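Trainee: I'd like to go over a predicted model; first the sequence, then the structure.
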Amino acid sequence: MDKFVVNGGRRLCGEVTVSGAKNAAVAILPAVLLADSPCIIENVPDISDVNAILYALRELGAEVTQLERTTFRIDPTGVNSFVVSKEMAQGMRASSYFLGALLGRLRRAKVAPPGGCDIGLRPIDQHIKGFEALGAKVTIDSGMVVAKAEKLGGCSVYLDVVSVGATVNIMIAAARARGMTVIENAAREPHIVDLANFLNSMGADIMGAGTSVIKIRGVERLSGTSYSIIPDQIEAGTYMVAAAATQGDVVINNVIPKHLESNAAKLREAGAKIEEGDEYVRVTMDRRPGKCNVKTMPHPGFPTDMQPQFATLLAIANGTSIVTEGVWDSRFRYAEQLTFMGADIQVDGKSAIITGVERLKGAPVKANDLRAGAAMIIAGLVAEGETEITDIEYIDRGYEQVVEKLTAVGADIKRVSDDEYGYSLKAN
Ligand code: EPU
């Protein structure tokens, strides 16, 4: 098992380039199944969650060819299997998107339930509500979710909770249904808009993505297209926070600044300077961060996927801050790890009270999940001494070349693998 070893105390300075968005890629890649000819998808991040989707696409019978490092040609014409097995779904939350995609294409899907990060209950009742409204029958058979439909017909679905996953799945299945589907109380995240743009570029007729009412007029056929995935707002946000926490000066390239507004607003409140260009943001910080309160909410609120990273910045802030989680039931498991490094965090239900300390001290910690892992990296970067982070397979799910990118801006971070003779350094 690999670990990260971080020697903290260095300011991050320089430039970093953000990769394609994980949560857009894991929706767009399964949606390729709806096309009746090959698609070229660019800006695909090289992360394990995406590789798991590409593997599942191949297993289903799609021809997947890597044209360049981040460009793939996917020919779904040969797909006739509707089963995504437990082995194929293992570890990926987005396996459920194969339900919408296979239902849309073959009117039939049998998919192992989603795995992924343990950040609280991860139900799919709203996805199922949408499929049923479209005319599918959904059952559970030997632990697999089975969806079948003679035909899919347009419908009206009101989501009881704002769910990214349910919005994605219903959009994908409805793109090939007969008639108009309306999703009310839909998620508004940038990756929802990206998926709609992708589907529209295949010939779908989707309006309103990015608002809470999305209208999908089903079409007979969708054809292959070329499409480039948007930059990852959470990866960008993570580097923004890392820059501020280390009192650094970092230009983060290949971003859509509008997607980073809530994060930038909170960083400004904590004392950072943020300069925005067309496709970059520059974060500079010349002092210890100030306290501020944060509450996570669906987009355009402050993203839950930035909560652990931001809390880490507040752990070294001047004063006491309150962080409230408004999306997931349990997303504070990382707090205990931060206390091992000297942080003063008290978790009370959905809130954490964080009294900033002058400095954290390096310690052995683990990545409880993907974003918790990113938080441990930031903690390691600001801490005095050495921090060893285990369970980094979570981090590999969502951060492409994190060691290389951080090293380029001056961090001292290494990937180390355990072997029978002790530690050996692995090529980055
Ligand atoms: N929910 C339900 N029923 C459902 C679906 C969701 O009650 O059928 C609840 C969840 O329990 C949660 C809330 O609704 O409390 C929001 O869940 P949502 O469906 O929006 O989350 P998701 O689609 O499973 C995506 C991202 C997560 C991100 C959330 C919220 C992907 C692959 N994952 O998850 O990203 O935290 O939206 O923005 O898009 C991450 O990248 O680290 C990550 C966890």
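Mentor: Yep, that arrived. Numbers count the residues shown, from 1 in each chain.
Trainee: and residue 127, that one's in a helix?
Mentor: Yes - assigned with DSSP: H, G, I helix; E, B strand; the rest coil, residue 127 falls within a helix.
Trainee: residues contacting the residue in the chain that the ligand sits nearest to?
Mentor: Nearest residue of the chain to the ligand: residue 165, at 2.9 Å (CB to the nearest ligand atom). For glycine as for every other residue, the C-beta is placed from the backbone atoms N, C-alpha and C. Applying CB atoms under 8 Å, 6 or more residues apart in numbering, we find residue 165 in contact with 93, 94, 96, 97, 124, 126, 127.
Trainee: among the residues you listed, which are in helices?
Mentor: 97, 126, 127 (DSSP state H).
Trainee: Could you report the neighbour count for the second one?
Mentor: Think residue 126. 21 (other CB atoms under 10 Å).
Trainee: Break down the stretch 101-250 of the chain into its helices, ranges please.
Mentor: Here the stretch 101-250 of the chain has its helices, by DSSP state H, counting those that start in this stretch, at 125-133, 164-174, 190-201, 233-245.
Trainee: By mean pLDDT, which helix or strand of this structure comes out lowest?
Mentor: The helix or strand of the chain with the poorest confidence is strand 422-425; it has a mean of 43 (mean pLDDT, DSSP states H and E).
Trainee: re the thing from before, pLDDT check: weakest of the contacts of residue 165?
Mentor: Ranked by pLDDT, the contacts of residue 165 bottom out at residue 93, which has 66.
Trainee: where does residue 399 land in three-state SS?
Mentor: coil.
Trainee: again, but for residue 53
Mentor: helix.
Trainee: ok, the closest residue in space to it that isn't next to it in sequence - how many residues close by?
Mentor: Distances taken as CB to CB, 6 or more residues apart in numbering put residue 29 closest to residue 53, at 4.7 Å, once the chain neighbours are dropped. When counting by other CB under 10 Å, one arrives at 27 neighbours for residue 29.
Trainee: Verify the stated contact: residue 21 with residue 229.
Mentor: Yes - contact criterion CB atoms under 8 Å: residue 21 and residue 229 qualify, at 5.8 Å.
Trainee: Common neighbours of these two, please.
Mentor: 45, 194.
Trainee: Just the pLDDT for the residue nearest to residue 53.
Mentor: For residue 29, pLDDT reads 98.
Trainee: interface residues of the chain facing the ligand?
Mentor: 22-23, 26, 93-94, 117, 119, 121-127, 161, 163-166, 187, 304-305, 327-328, 370-371, 398 (CB under 6 Å from any ligand atom).
Trainee: So among these, which ones count as buried?
Mentor: Taking 16 or more other CB atoms under 10 Å as the criterion, what is buried in those is 22-23, 26, 93-94, 117, 119, 122, 124, 126-127, 163-166, 187, 304-305, 327-328, 370-371, 398.
Trainee: So what does the closest residue in space to residue 340 that isn't next to it in sequence look like in phi/psi?
Mentor: Of all residues not flanking residue 340 in the chain, residue 363 sits nearest, at 4.6 Å (CB to CB, 6+ apart). For residue 363, the backbone dihedrals (degrees, to the nearest 10) come out as phi -160, psi 160.
Trainee: do the same with residue 56
Mentor: phi -60, psi -40.
Trainee: And for it, the neighbour number?
Mentor: So residue 56, with other CB under 10 Å, has 23 neighbours.
Trainee: show me what contacts it?
Mentor: Residue 56 touches 30, 84, 88, 89, 92, 95, 98, counting by CB under 8 Å, 6+ apart.
Trainee: Then residue 218?
Mentor: Residue 218 sits in contact with 152, 154, 174, 175, 176, 177, 178, 179, 180, 181, 205, where contact means CB under 8 Å, 6+ apart.
Trainee: Could you pull up the contacting residues of the closest residue in space to it that isn't next to it in sequence?
Mentor: Here the nearest residue to residue 218 in space, its sequence neighbours aside, is residue 177; by CB to CB, 6+ apart that works out to 3.9 Å. Residues in contact with residue 177 (CB under 8 Å, 6+ apart) are 104, 134, 135, 152, 153, 154, 155, 216, 218.
Trainee: ok, 10 Å please
Mentor: 103-104, 134-136, 149, 151-155, 170, 216-219 (CB atoms under 10 Å, 6 or more residues apart in numbering).
Trainee: Same question for residue 317.
Mentor: Residue 317 touches 245, 270-271, 288-292, 311, 354-357, counting by CB under 10 Å, 6+ apart.
Trainee: Now with 7 Å, please.
Mentor: By CB atoms under 7 Å, 6 or more residues apart in numbering, residue 317 lies in contact with 270, 288, 289, 290, 291, 356.
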